[in-house]
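1. Predicted model follows, preceded by the sequence.
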Amino acid sequence: MMNIKSARSFLILIIVSVWVLASCRKDEFNTDPAFSLGFSTDTVMFDTVFTTIGSITKQLVIRNTGNNRINISKIILARGNASPFRLNIDGSAKETYNDLEIGPKDSAYIFVKVTIDPNNVNSPLIESDSIIFETNGNIQNVKLVAWGQDAYFHQSTVLTGEVTLPDDKPHVVYGTLTADKNCILNIMAGTRIYFHNSSSLEIRAGASLNVMGTLELPVIFTSDRLDDDYLDIPGLWDGIWLESGSKSISFTYAEITNAIVGIQADSTGFGEGEPLQLHNCLINNMKNYGILATMAEIVSTNSQITNCGGNVVSIEQGGNYDFRNCTLANYFSGKGYPALSISNYSLDTSFKEIPGELSGAYFGNCIITGSMLDEIDFYEHEGTAFNFQFDQCLASWDKEQKYESKFVNCIINEDAKFIDPYTNDFQLDTLSIAIDAASLSIINNTIPDIKLDRKGISRLVPGPPDMGAYERVEKK
C-alpha cells in the first residue's frame with residue numbers, strides 16, 4: 001500500500017504525463033487533406049502603379065485556424081519569374097517557398113510588391129497573378145491584381161532649347177525636372193505629370209514655361225502615389241519652383257495638388273514686364289504654401305487656391321499682385337495659418353527684416369476665408385510702400401482700423417457657405433451670401449475675359465455674378 005506521500009507523487013506524475021502528451025499532440029502536424037488555410041483577403045489589390053516603378057508594399061496574412069501545427073509545403077506565384085509581382089515570405093524574397101510552418105492558432109505574413117514593365121501601350125492596363133498555396137495536398141490561391149500604365153520617365157532631367165512634352169502618356173519625374181536657362185517649356189492640354197517623393201519642377205533664370213490646359217483637358221501636376229490611401233496626403237513631392245529671373249510663365253487650367261509648396265515664385269515677373277499668369281487654376285492640399293511669392297508679380301483669375309498647412313497665398317518682400325474672382329480658403333486640418341499673408345519684407349537667417357516695396361496687391365470679387373475668424377495677416381515694414389486693396393470681396397478678417405479703408409464694398413466676417421470645403425468642394429451652397437454679390441464692373445474690366453467661371457459657367461446669365469472662382473448653378 002502506498003503512503004500519502006507516494007500517492008501524491010504518483011498523482012503529480014500522471015498530471016505531468018498528461019500535459020506532456022497533450023503538448024506533444026499540439027506539436028503534431030495537421031495532415032488532414034481537407035484542411036484550409038485562412039487569409040486576410042482573397043484578393044490583394046493595387047491601384048494605379050506606374051510602369052517600372054515598384055508599388056507600395058501590401059500585406060497578406062495567412063492564418064492557421066487549427067489546433068495543430070501545419071506545414072505549407074509550397075507557396076508559388078502562378079506566373080513564376082514572368083510575374084510582375086514580388087513576394088517576401090518569412091524574410092526571404094523569392095517567388096517559390098517550400099515548407100512554411102505555422103503553429104496552432106498562429107499566423108504568418110507575406111509582403112507583396114508589384115512592378116509593371118513598359119509595353120508601349122498608352123492606355124491603362126491590368127496585370128494579374130495568383131499566389132498558390134499547397135497544404136496536405138490541398139490547393140488554395142489568393143489573387144493579385146494591379147492597374148498600371150506606361151509613362152515617360154524623367155530622372156533628374158535637364159531640358160534645353162524649346163521643348164514640348166508629349167501628351168499621349170503620363171510623365172513621371174524622379175528627382176528634378178529642370179528647364180535650364182533660355183529653355184522654353186511647353187506643356188499641352190491633357191498632359192499629366194506625376195512626381196516621386198522629393199521631386200520637383202524647376203524653371204531656371206531666363207527660362208519660360210507655358211502650361212496650356214483647357215476646361216476639358218487640364219494639365220495635372222501631382223504625386224506618383226495614386227493608391228487610395230495617398231489621394232489626400234499633402235507633401236508627397238516638393239512642388240514647382242520659379243527661380244528669380246524666370247520669365248513668361250503662364251498656367252492655364254493647371255491642377256497642382258499634394259506637394260510641399262504648390263508654386264514658389266522668387267521675383268518671377270517683377271520688373272520683367274510680364275507677370276506670372278494663373279488662370280482657371282486649382283492649387284490644393286499643400287503641406288506648406290499654395291503660392292509662396294517673394295517680390296514677384298502675379299495676375300490670377302478664376303483660380304481656387306485652398307487647404308494648405310501654411311498660407312494658401314503668402315506674399316513676401318513686396319511685389320505686385322492682381323487676383324480677380326479667386327477663392328482663397330484654408331480649412332486644412334490642424335492648420336494655424338490664415339489663408340492670406342501680405343508683407344513688404346522678408347526675414348534673413350538672423351531674422352533681420354529685408355524690405356521690398358509692395359507696389360500693389362489688388363483683390364477683386366474674391367473670397368478670402370477659412371476655419372478661423374481671422375484669415376488675413378498684414379506685416380508692414382514702416383517707411384516702405386505697402387499698397388493693397390480688397391474690392392467687393394468676402395473676407396474673414398479681424399478688423400484693424402489702420403487698414404479698414406483698404407476694404408471697399410466688402411462683406412466682412414460672414415460665412416461663405418461652400419458646399420463642403422473639407423472635401424475640396426468650394427462651389428457655393430444655395431444660402432451663400434457670396435451669390436449675386438460680385439461686381440460686374442470688375443468682371444467687364446478684367447483681362448483675360450472672366451465672363452465664364454472656372455467651370456465654364458456664365459457669370460452674366462441669369463446674373464448678377466457671384467464672388468469667388470465658381471458661379472452658383474441652381475439645380476432644376
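-> Sure, I can see it. Numbering: from 1, shown residues only.

2. can we go C-alpha only for contacts and neighbour counts from here?
-> OK.

3. where do the helices sit along the stretch 1-150 of the chain?
-> Using DSSP state H, counting those that start in this stretch, the helices of the stretch 1-150 of the chain run over 4-27.

4. May I have the residues that are in contact with the residue nearest to Ser40 when sequence neighbours are not counted?
-> Among residues not flanking Ser40 along the chain, Val61 sits closest, at 5.1 Å (Cα to Cα, 6 or more residues apart in numbering). Shown in contact with Val61 (Cα atoms under 8 Å, 6 or more residues apart in numbering): 39-41, 107-110.

5. got it, and Asn64?
-> Asn64 touches 37-38, 70, 102-107, counting by Cα under 8 Å, 6+ apart.

6. Of those, grab the buried ones for ChimeraX.
-> Selection of buried members from the contacts of Asn64 for ChimeraX, criterion 16 or more other Cα atoms under 10 Å:
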select :37,70,102,103,104,106,107
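
7. Asn138: how many residues sit nearby?
-> 14 (other Cα atoms under 10 Å).

8. Now do the same contact list for it.
-> Asn138 neighbours (Cα under 8 Å, 6+ apart): 33-36.

9. and it, bridged to which residues?
-> Listed beta-bridge partners, Asn138: Thr135 (assigned using DSSP bridges).

10. Please apply the same query to Ile131.
-> With DSSP bridges applied, Ile131 shows beta-bridge pairing to Leu77, Val142.

11. thought it was touching Gly80?
-> No - counting by Cα atoms under 8 Å, Ile131 sits too far from Gly80 to count as a contact (9.7 Å).

12. confidence score at the residue nearest to the spatial centre of the chain?
-> With distances taken as Cα atoms, centre = their mean, Asn258 lies nearest the centre of the chain, 2.6 Å away. Per-residue confidence (pLDDT) for Asn258: 97.

13. Same question for the one 3 residues further on.
-> In this model, Val261 is scored at 98, pLDDT.

14. From Ser333, how far out is it?
-> According to Cα to Cα, to the nearest Å, Val261 and Ser333 sit 17 Å apart.

15. Counting neighbours, go ahead and name the busier of these two.
-> Neighbours were counted for Val261 and for Ser333 using other Cα under 10 Å; Val261 has more, 30 against 11.

16. Wait, the more buried one touches Lys287, no?
-> Yes - using Cα under 8 Å as the test, Val261 is close enough to Lys287 to be in contact (6.8 Å).

17. what touches both of the two?
-> In terms of Cα under 8 Å, 6+ apart, Val261 and Lys287 are both contacted by the residues Gly235.

18. who's in contact with Asp180?
-> 158-160, 203-207.

19. So which of these wins on neighbours?
-> Ile203 (29 neighbours).

20. Spit out the contact partners of that residue.
-> Counting by Cα under 8 Å, 6+ apart, Ile203 makes contact with 178-180, 209, 240-243, 246.

21. can you tell me which two in those residues are farthest apart?
-> Asp180 and Ile240 (14.0 Å; Cα to Cα).

22. Where does the prediction get shaky in the stretch 251-400 of the chain?
-> 271-273 (pLDDT under 70).

23. can you give me the helices for it?
-> Taking DSSP H, counting those that start in this stretch as the criterion, the stretch 251-400 of the chain carries no helices.

24. Run a quick neighbour tally on Leu276.
-> 25.

25. Give the bridge partners for the residue nearest to it when sequence neighbours are not counted, please.
-> Nearest residue to Leu276, sequence neighbours excluded (Cα to Cα, 6+ apart): Ile298, at 4.6 Å. Beta-bridge pairing of Ile298 under DSSP bridges involves Leu276, Tyr321.

26. hang on, isn't Ile298 packed against Ser267?
-> No - checked against Cα under 8 Å, the pair Ile298 and Ser267 is beyond contact range at 9.9 Å.

27. Please list all residues in contact with Ala339.
-> 306, 310-313, 328-330, 368-370, 375-376.

28. Next: Gln317.
-> 294-295, 343-346, 354-358.

29. Would you mind giving the domain segments of the protein?
-> For the chain, automatic domain parsing gives the domain ranges 38-148, 152-444.

30. so which of the ones you listed is the most packed in?
-> Counting by mean count of other Cα atoms under 10 Å, domain 152-444 has the highest mean neighbour count of the domains of the chain, with a mean of 21.

31. Quick one: end-to-end length of that one, please.
-> 42 Å.

32. circling back: if we take the contacts of Ala339, which one ends up nearest to Ser350?
-> Of these, the one sitting nearest to Ser350 (Cα to Cα) turns out to be Gly310, at 21.4 Å.

33. Find the nearest non-adjacent residue to the closest one, please.
-> Nearest to Gly310 is Asn288, by Cα to Cα, 6+ apart, at 4.5 Å.

34. what about the one you found, distance to Thr301?
-> Per Cα to Cα, Asn288 is found 22 Å from Thr301.

35. What of Tyr321?
-> 11 Å.

36. what about Thr349, distance to Glu380?
-> Taken as Cα to Cα, the span from Thr349 to Glu380 is 19 Å.

37. For Tyr194, list each beta-bridge partner.
-> Under the criterion used (DSSP bridges), Tyr194 bridges to Val172, Thr222.

38. and it, what does it touch?
-> 170-173, 220-224.

39. can you check Val44 too?
-> Contact partners of Val44, counting by Cα under 8 Å, 6+ apart, are 58, 60, 142-145.

40. residues contacting the closest residue to Glu134 other than its chain neighbours?
-> For Glu134, the nearest residue in space outside its immediate sequence neighbours is Lys74; the separation is 5.2 Å by Cα to Cα, 6+ apart. Shown in contact with Lys74 (Cα under 8 Å, 6+ apart): 96-100, 132-135.

41. Since that was my last question, I'll sign off now.
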